[in-house]
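Let me see the structure of the following:
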Amino acid sequence: MSDKALQAVSSLKGIGGETEKTLNDMGIVTLLDLVMTFPYRHEDFRLKNISETPHNERITVEGRVESEPSVLFLGKNKSRMQIRLLVGPHLIKVVFFNQAYLKNKITSGQIITVTGKWDRGRQAISVSNFSPGPKTDNVDFEPMYSLKGSLHQKTFRKFMHQALQEVANDLEECLPHSLRETYKLLPVHEALEGIHFPKSAEHVKQARRRFVYEELLQFQLKMQAIKKARKEQNKGLSIAYDVQKLKDLIAALPYELTNAQKRVVNEICKDLKEPHRMNRLLQGDVGSGKTVVAAIGLYAVITAGYQGAMMAPTEILAEQHAASLHDWLSPLGIRMALLTGSTKTKARRILLEQLQNGEIDLLIGTHALIQPDVEFKKLGLVITDEQHRFGVEQRRVLRDKGMNPDVLFMTATPIPRTLAITAFGEMDVSIIDEMPAGRKEIETHWVKKELFDQIIKRMVVELQAGRQAYVICPLIEESDKLDVQNAVEVYEQLSSIFHQKYKVGLMHGRLHSSEKDEVMRAFSDGEVQVLVSTTVVEVGVNVPNATFMVIYDAERFGLAQLHQLRGRVGRGSEQSYCILLADPKSEEGKERMTSMTETNDGFKLAEKDLELRGAGDFFGRKQSGMPEFKMADLVHDYRALETARQDAERFISSDEFWTSDETKCLRNYLEKSGAMDGERID
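Purely as a prediction, here's the structure:
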């Protein structure tokens, strides 16, 4: 990097103390910072044909004024000025809001150029930019930057022009020549010119292509370097499990594993044998059979003389896992125990002694597993279910209870592959993308709210057959802001409708965890036939007898959440139903409802959710896994992301990358990011 690029921005003409402070507040300290500050969009000032311009699109036209300006004052500092403009054969209206000062600059017969939003129906333009005379400059695209304080776009562009002239030919090229040749990418100085002062739409496009790829390559290099460093630093256990015993367990299962389950079992078993620690994320749709895959992994380490641990976010989920694992593993002589916050003091003391002495092979539990006095004799595999429900520190504490045990994270939230390899790029990702044979698809119907009575009648049919129902509501109490049904109101309404015939339960987020578990157990045991709940019911609960679900105000939920909720039914052999009570006003809301009725595939819905909401909102803005990119967009640039991932993997595993002068800039980036130490710094 040249000294010029690292000069302070105050070295530019026109930047004094106040302006420098404003730029510093924007993160712009050096000339390099300035030229690497990208616009959030480009204004298109090319002259366009009115007849070919869609409604509501921005348009720039040149024409002759056909009327004197008429001004209507609408109150303090507000006005509406209108003229008629002849653009080719089209006579259109041009409206200026709060720009009455232009009245004396516009006269009938004058040629002017205006830019604004085109109203096709009214044949009118609402003006945002005006210039007297025909369009004479060659600027067709103007960058728009996110600025602070009193800094204006025009001033900022002037600084940008100066900075580019200073540093353009001295900037370090971070992309190797071979890559730029292969993908036909612009050199860095040409790309910066194309971003800040483009000559054409194609110039902008090619400049963006270069920076998108560079950003994604750097990020993927960081992820792959972290993965490599961790494998080198975290020497694992190299577990020599008993292959025949694993085959016997799989043969004894009451059903055959799907091909996807077999593939993932092989991936996990391969990791167990490796001399480095496993760090794997297992994704699988609701009901795809993740738990049995986890059981096989746990049994593998136990056959080699190690202990296993499985942590779940709630007591009831931990109990359900314990019951399933008991069915599969206890006939094989595996000694199991359950540890939760409800475990009595005496029983807990005995359990901890047995665990420390190696008399317990497998411990299942909740956060109780990470208490300081929980000590294993020889921990080999740690599995965390619904891993996003635990903090990073909680997961680390459990992992550190062994000498570098293998680690498997599980989630039932389908994440599109595009996001999985980005948000979890430093982990290996396994996907169970196939459902067990013979499972009946849940019938999903989108119903208007006025048909509530008919829905109740249909629910009664299921209840009369001895089955159970969920009713999901988005809020607990009345809200002035949102006209939505709330759980308490619906609970009272259904209790009144069903009288004593069917018992209705109520569960919501403000209940204590022990109260939630009590309500859920009553539902699981069949003591409660209808459970009214907020979304606290969405994760992991398994009640095979529940076949009917109603989701109030379904348009308030995202696709991923709707799918998770729907997954609470359809877990038994009977046909199940999900009713979406919704009157969505937006097109996006209608699309979500339609998507839910068209497929039960969580991965397809996740892709749709990503398309509708974008990557940031898919995870939530504060989700720790998601990087913030200046230029790249994970939805639109997914092909570039995949290409960058493959290139990063190839680089990291090649000796040439670590020695070549061409890749020195990329190595420096990795050094600064902390990736070489195995640390993830976002």
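
Where does pLDDT dip in the stretch 351-500 of the chain?
387-396, 398-399, 402, 417-419, 421-425, 475-485 (pLDDT under 70).

how about 80 then?
Low-confidence segments of the stretch 351-500 of the chain (pLDDT under 80): 386-404, 413-426, 437-439, 475-485.

which stretches of it form helices?
Along the stretch 351-500 of the chain, the segments classed as helices by DSSP state H, counting those that start in this stretch run 392-399, 417-423, 452-464, 487-498.

how about Val71, what does it touch?
Taking CB atoms under 8 Å, 6 or more residues apart in numbering, we find Val71 in contact with 79-81, 100, 103. Where you see a C-beta, it was placed from the backbone N, CA and C, and this is true even at glycine.

Drop the exposed ones from the residues you listed and show what's left.
Among the contacts of Val71, those buried by neighbour count (16 or more other CB atoms under 10 Å) are 79-81, 100, 103.

And this structure, what are its domain boundaries?
46-137, 243-432, 443-599 (automatic domain parsing).

could these go into CSV alongside distance to Asp25?
Below are these laid out as CSV (distance: least, CB to CB, whole Å):
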stretch, distance to Asp25
domain 46-137, 27
domain 243-432, 29
domain 443-599, 34
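
Give me the sheet partners of the strand or helix carrying Trp118 and which way each runs.
Element membership for Trp118 (DSSP states H and E) is strand 111-119. Sheet pairing for strand 111-119, assigned by DSSP bridges, gives strand 58-65 (antiparallel), strand 124-132 (antiparallel).

Go through those strands and name the closest to Asp661.
strand 58-65 (45.9 Å; CB to CB).

So which bits of that closest one are buried?
By 16+ other CB under 10 Å, the buried positions in strand 58-65 come out as 58-63, 65.

same question for the next helix-or-strand element following it, mean pLDDT?
Downstream of strand 58-65, the first helix or strand assigned by DSSP H and E is strand 70-75. Mean per-residue pLDDT for strand 70-75: 89.

Direction included, what does whichever helix or strand comes after strand 70-75 pair up with?
Toward the C-terminal end, the helix or strand that comes next after strand 70-75 (DSSP H and E) is strand 78-87. The pairing partners recorded for strand 78-87 under DSSP bridges are strand 58-65 (antiparallel), strand 70-75 (antiparallel), strand 90-97 (antiparallel).

Lowest average pLDDT across those?
strand 70-75 (a mean of 89).

thinking again about what came up before, what would the strands paired with strand 78-87 look like in CSV with distance to Ser330?
Compiled in CSV, those are given as follows (distance: least, CB to CB, whole Å):
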stretch, distance to Ser330
strand 58-65, 68
strand 70-75, 79
strand 90-97, 75
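
Looking at those, spot the one closest to Pro254.
Nearest to Pro254 among the strands paired with strand 78-87 is strand 58-65 (62.7 Å), distances taken as CB to CB.

re earlier: nearest to Tyr669, out of the domains of the chain?
Smallest distance to Tyr669 across those (CB to CB): 15.3 Å, for domain 243-432.

and the end-to-end length of the closest one?
22 Å (CA to CA, to the nearest Å).

Same check on stretch 191-210?
OK, stretch 191-210 end separation, CA to CA: 7 Å.

Give me the residues contacting it.
With CB under 8 Å, 6+ apart, stretch 191-210 has contacts from 35, 38-39, 42, 44, 46, 140-141, 143, 157, 160-161, 164, 168, 171, 175, 183, 185-186, 188, 190, 211, 631, 640.

buried set for that stretch?
191-198, 203-204, 206-210.

Check these and tell me the two furthest apart.
Using CB to CB, these span at most 17.1 Å, a distance reached by Phe197 and Arg209.

can you tell me which residues contact the residue lying closest to Gln218 once chain neighbours are set aside?
Distances taken as CB to CB, 6 or more residues apart in numbering place Tyr669 nearest to Gln218, at 5.5 Å, with adjacent residues excluded. By CB under 8 Å, 6+ apart, the residues touching Tyr669 are 174, 218, 221-222.

For these, pick the one with the most neighbours.
Counting neighbours by other CB atoms under 10 Å, Leu221 leads the contacts of Tyr669 with 26 neighbours.

Relative to Asp433, how far out is it?
27 Å (CB to CB, to the nearest Å).

Check Pro134 too.
In terms of CB to CB, Pro134 sits 59 Å off from Asp433.

out of those two, which sits in the more crowded spot?
Per other CB under 10 Å, whichever of Pro134 and Asp433 has more neighbours is Asp433, with 19 against 12.

Could you find the closest non-adjacent residue to the more buried one?
Looking at Asp433 with CB to CB, 6+ apart, the closest residue is Ala260, at 5.5 Å.

which residues does that neighbour contact?
When contacts are counted by CB under 8 Å, 6+ apart, Ala260 is found next to 288, 431-434.

hang on, the earlier thing: format the contacts of Val71 as JSON lines; extra columns: distance to Asp609.
Converted to JSON lines, the contacts of Val71 look like this (distance: CB to CB, whole Å):
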{"residue": "Ser79", "distance to Asp609": "44"}
{"residue": "Arg80", "distance to Asp609": "42"}
{"residue": "Met81", "distance to Asp609": "45"}
{"residue": "Ala100", "distance to Asp609": "47"}
{"residue": "Lys103", "distance to Asp609": "50"}
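
tell me which of those residues is nearest to Asp242?
Nearest member of these to Asp242, counting by CB to CB, is Arg80, at 82.9 Å.

Let's see the pLDDT reported for the closest one.
93.

ok, back up a step: list the buried residues of the helix or strand that contains the residue nearest to Gln218.
According to DSSP H and E, Tyr669 maps onto helix 664-673. For helix 664-673, the buried set under the neighbour-count rule, 16+ other CB under 10 Å, comprises 665-667, 669-670, 673.

Output the longest helix belonging to the chain.
When the chain is parsed with DSSP state H, its longest helix is helix 201-233.

In the helix or strand just after that one, which residues are buried?
Remark: after helix 201-233, the chain's next helix or strand is helix 243-252, criterion DSSP H and E. Counting neighbours by 16+ other CB under 10 Å, one finds that the buried residues in helix 243-252 are 246, 249-250.

what's the answer for stretch 317-335, then?
For stretch 317-335, by 16+ other CB under 10 Å, it's 317-322, 324-325, 328-329, 334-335.

contacting residues around the nearest residue in space to Leu237 that is not next to it in sequence?
Once flanking residues are discounted, Leu237 sits nearest to Gly380: 5.9 Å by CB to CB, 6+ apart. Gly380 sits next to 237, 239, 301-302, 304, 306-308, 402, 405-406 when contact means CB under 8 Å, 6+ apart.
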